[in-house]
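Student: what shape does this take:
(one chain, ligands or ions: 1)
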Amino acid sequence: MAAAQGTREHTAYAPGKIVQGMLEASTEIEFTHGSSGKLHVISDKVQQRSIFRPDFNFEELGIGGLSKEFGNIFRRAFASRVFPPHIVRDLGINHVRGMLLYGPPGTGKTLIARQLAKFLKAAEPKIVNGPEMMNKYVGQSEENIRNLFADAEKEYKQQGDNSQLHVIICDEFDSMCKARGSTGDSTGTNDSMVNQLLSKIDGVDSLNNILLIGMTNRIDLIDEAVLRPGRLEVHVEINLPDENGRVEILNIHTKTARAKGYLDSAVSIPALAAKTKNFSGAELEGFVRAATSYAMNKRVNFQDVAKSKDMGSVLVTNEGGTPFSVGDKESLCRCAVIVLA
Ligand SMILES: Nc1ncnc2c1ncn2[C@@H]1O[C@H](COP(=O)(O)OP(=O)(O)OP(=O)(O)O)[C@@H](O)[C@H]1O
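Tutor: Model (predicted):
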């Protein structure tokens, strides 16, 4: 299909219609093809490509305290995808095909990967857990890995560099990529899974339309070959949030309650952030949940649930600002119910 566009007129193609016109120096011709088309056009025209959906909004990702890490991820993994394919080819580089998010539990690694995939202009992401890829039947684990890449492969064969991005998210990535020879497993399943993965990311038929995002708490267990440049080459450490990060995370998790009037205006988020040192994002979320559930429980009559009253007037408050011990996470968690009573 073609649309000829001159300086003075624009002629759109319609099926069955023969388009005639004068080609001038300034004439622009745009080619597109249907889903079954085999036409590949390499244009010299420099067109910026958008890799995010138009409704992308950083604030709405609901991720707090990780803007530096996000900057890192964009710069390393996505910048090249903004450029038209021919420029990337002329620069002689390949897109980054793999990224590893690592760090302590509950710091938002899974959240980042899922939110990123949601806002990328990409095929429906495949989300898997490392352990679920393992299978006791011979050859099945390797096949599970091949299946992960099957859609991307099919599309790359049809569309080449025009193929959309296929994102594969793999939680507990270390479980399927342990250093070869380290597991003492006589079946050799782990080693052949690692080999299969390597050949898919960086083998002879490697694809330019995939982004594999692995997440782990144990980067030290992963086979070094998997982390080499050309494979999962971008490593981003996601650590416990600092005080500003904790303010952002607490704001995210109290946003709805505050907007609907269920959070007492006396509750000071910065004060809570100052007292929750070493809390992960998940622990901060749990902290808010514990306080909210305490406030709810105060409205429930456990002797006779039917007699529970004033449910709509539940209020998460900072009653008396009861002081609590700082530094001891466990007792702090238990104190959450007192603090935001
Ligand atoms: N930075 C953050 N901003 C907002 N919420 C967060 C953040 N980090 C964690 N959370 C909350 O904690 C929940 C659990 O976090 P997540 O599963 O992403 O952690 P993780 O780093 O993948 O943990 P694990 O290594 O144990 O799998 C999230 O769904 C989210 O509600």
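Student: going forward, measure contacts between C-alpha atoms and count neighbours the same way
Tutor: OK.
Student: list phi and psi for Pro84.
Tutor: Dihedral pair for Pro84: phi -60, psi 150, per degrees, to the nearest 10.
Student: please report how far it lies from the ligand.
Tutor: Here the criterion is Cα to the nearest ligand atom, to the nearest Å. By it, Pro84 lies 32 Å from the ligand.
Student: what pLDDT does that residue get?
Tutor: Looking at Pro84, its pLDDT stands at 80.
Student: from Ile51, how far out is it?
Tutor: Separation of Pro84 from Ile51 (Cα to Cα, to the nearest Å) stands at 11 Å.
Student: now do Lys275
Tutor: Distance, Lys275 to Ile51, by Cα to Cα: 39 Å.
Student: same check, this time on Ala291
Tutor: Remark: distance between Ala291 and Ile51 (Cα to Cα) = 40 Å.
Student: also Asp174?
Tutor: For Asp174, the distance to Ile51 equals 29 Å [Cα to Cα].
Student: Lys255 too?
Tutor: 29 Å.
Student: which one's more surrounded, the two?
Tutor: The residue with more neighbours, out of Lys255 and Ile51, is Ile51; 17 against 14, by other Cα atoms under 10 Å.
Student: count of residues packed around the closest residue to that one other than its chain neighbours?
Tutor: Distance criterion Cα to Cα, 6 or more residues apart in numbering; nearest residue to Ile51, sequence neighbours excluded, is Lys121 at 5.3 Å. Residues lying near Lys121 (other Cα under 10 Å) number 17.
Student: list the residues that contact Lys121.
Tutor: 50-53, 164-165 (Cα atoms under 8 Å, 6 or more residues apart in numbering).
Student: and the residues you listed, which is closest to Leu66?
Tutor: Nearest to Leu66, judged by Cα to Cα, of the contacts of Lys121 is Phe52 at 18.7 Å.
Student: what's the neighbour count on Ser141?
Tutor: Ser141 has 21 neighbours, counted by other Cα under 10 Å.
Student: just Val236 next, same as before
Tutor: By the criterion of other Cα under 10 Å, Val236 has 18 neighbours.
Student: and the helix or strand harbouring it, what does it pack onto?
Tutor: Taking DSSP states H and E as the definition, one finds Val236 inside strand 232-237. In terms of contacts (3 or more Cα pairs under 8 Å, 6 or more residues apart in numbering; DSSP states H and E), strand 232-237 is packed against helix 67-73, strand 98-102, strand 210-216.
Student: ok, which of these comes nearest Gly245?
Tutor: For the helices and strands packed on strand 232-237, the distance to Gly245 is smallest for helix 67-73, at 9.1 Å, taking Cα to Cα.
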